[in-house]
Every structure is written in C-alpha cells, then in structure tokens.
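Colleague: Return a 3D structure for these sequence lines:
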Amino acid sequence: MRILLIEDNEELAGTIVDRLRAEGHCVDRESDGNEANDLLRHSLFDIILLDVNLPGKSGYEILRSLRARGDATPVLILTARSQIDERVVGLDAGADDYMVKPFDFRELLARCRVLARRRSGTASNIFVAGGLSFDRAAKRAIVAGKDVDLRAREVQLLEILIDNLGRMLTKEEVADKLYSFDESPSMNAVEQIVTRLRRKLHDTPLVIKTARGLGYMAYVADDE
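Modeller: Numbering: from 1, shown residues only. Modelled structure (predicted):
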C-alpha cells in the first residue's frame, strides 16, 4: 500500500515509518499541516494516517478539505485525544477510523488492512484464485500448496494488482504505488518487477497482461 503519514512527532513518526516499511508498504511522511494539505491536492495514496495537532492546518482541517474535494481516500486519525467528543468530531469530519496514542503497532497494521480491504470491496485478508492463495497479513503467497519466494516489491505489486483486478494501470500509476518520494525508480525497474512476478505465478489463473503503450492489467482467467 502507498501510505501517507501526517505526524509532527519526529520519534513517533520515525517508528511508524520503519514499521510500515518493514511490512512492505510504501510510506511518505509530512509534518506540517499546510504542506500535507497541498500535497494531497495533487498526489494520491491508498491510506492516510493523520495526526490532529499539527503546525499549520490541523488534522481536522486537512480532513474536511480532503472530503470537500470529493477525495474518498481512507483516513485513520492518530491522536492523544481520547474523549468521546473528539472521536465524534473526527468521524463526523470524514475519518474512517480513529486510534488513540499510545497504540499497539500490530493493531495499527491490522486497521490499515481493514481499510484497504474495505476500499477494494473485499472482506478477507486471503485472496484465492485456483491454486493461488495470498495472505495480506502474512505477506505470503502459496501456489499448489508450496510457498512462493516473493521479494518485497513483488509482494507490493501483487497487492496492487489484486486490489485493481480488471483495471488497466499505467506504469506511472504502478510506480507511484511501489515507490515513495525519496526513491527514484525507472520504468525499466517496474517492468522487471512485473516480469519476475508474472514468471512466479505463471501456473496460476491470475494473469498479468501487458498492454503496450498503456500499462498492466491483472485478471483471473476463470472469470473470462
């Protein structure tokens, strides 16, 4: 998943970024409310983790601005404010979930998976297509009862394709979801990841189609 963390506490932000990246997610971070609000006007993310007390615009102002533009990106509020009234304000402003600091990182990761499933319209962490099964929580793919040796980027790509079955994704869209702003991927690197993943899944019904000049589309062959 491509995740944006908006958090001004340096120590906490560093820990969250490290944990999310260790789980194979692509993470960017902003610490200023005004800069985060500007960024969200022209960049897309799968999930936003949003602190409330920020320099510049508050988390609530960012959230209201986001929803006013019709942006439905899932937002999980992270805050030290535990009062019920504060939770109501956040949820009414358009938040999808709410966590009070301090929190357990295992729960944060689980809640991110829930938001990702909700956005893609699935109810389970397990994707199954013929002899292929993929567990989002465990980052584990199995083909014909055997574990598939997937690199971190290949796991990310598989999640992206499963979340967008039947939809054409440009190389640029795939790159945006695979890499954060502080990385400089080439389109050739994206092609190599796609080629490796396709080769590892060639005996499964999950087809990764390359449309020259357009991009990539994944579909389950049994659905044709």
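Colleague: S82 touches Y98, doesn't it?
Modeller: No: using Cβ atoms under 8 Å, S82 is not in contact with Y98; the gap is 9.8 Å. Glycine gets a C-beta too; all of them are placed from N, C-alpha and C.
Colleague: And the strands in this structure, which stretches?
Modeller: Along the chain, counting by DSSP state E, strands occupy 2-6, 26-30, 47-51, 75-79, 97-100, 126-129, 132-135, 140-143, 146-147, 206-211, 215-220.
Colleague: Between S82 and Y98, tell me which one has more neighbours.
Modeller: Y98 (21 against 10; other Cβ atoms under 10 Å).
Colleague: Quick one, grab the pLDDT at the more buried one.
Modeller: Listed pLDDT for Y98 reads 91.
Colleague: So it is in contact with A80, correct?
Modeller: No: the pair Y98 / A80 is not scored as a contact, 11.9 Å apart, by Cβ under 8 Å.
Colleague: domain assignment for this protein?
Modeller: 2-120, 127-223 (automatic domain parsing).
Colleague: Now do the longest one: distance to the chain's middle.
Modeller: Yep, that's domain 2-120 we're talking about. 12 Å (Cα atoms, centre = their mean, to the nearest Å).
Colleague: Quick check: end-to-end length of it?
Modeller: By Cα to Cα, to the nearest Å, the extent of domain 2-120 from end to end equals 14 Å.
Colleague: Break down this protein into its helices, ranges please.
Modeller: 10-22, 33-40, 59-68, 84-92, 105-120, 152-163, 171-178, 187-200 (DSSP state H).
Colleague: So which other helices or strands are in contact with the fifth one?
Modeller: With contacts taken as 3 or more Cβ pairs under 8 Å, 6 or more residues apart in numbering; DSSP states H and E, helix 105-120 sits against helix 10-22, strand 47-51, strand 75-79, strand 97-100, helix 152-163.
Colleague: if you average pLDDT over the longest one, what comes out?
Modeller: Regarding helix 10-22, the rounded mean pLDDT is 93.
Colleague: residues making contact with it?
Modeller: 3, 5, 7, 27, 29, 31, 49, 101, 105, 108-109, 112 (Cβ atoms under 8 Å, 6 or more residues apart in numbering).
Colleague: and L39, what is it in contact with?
Modeller: Counted by Cβ under 8 Å, 6+ apart, L39 has contacts 4, 30.
Colleague: ok so, going back, in a markdown table, list the helices of the chain along with distance to F134.
Modeller: Formatted as a markdown table, the helices of the chain follow (distance: least, Cβ to Cβ, whole Å):
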| stretch | distance to F134 |
| --- | --- |
| helix 10-22 | 19 |
| helix 33-40 | 30 |
| helix 59-68 | 30 |
| helix 84-92 | 31 |
| helix 105-120 | 13 |
| helix 152-163 | 6 |
| helix 171-178 | 17 |
| helix 187-200 | 11 |
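Colleague: With respect to L206, which of these lies nearest?
Modeller: Nearest of the helices of the chain to L206, taken as Cβ to Cβ: helix 152-163 at 7.6 Å.
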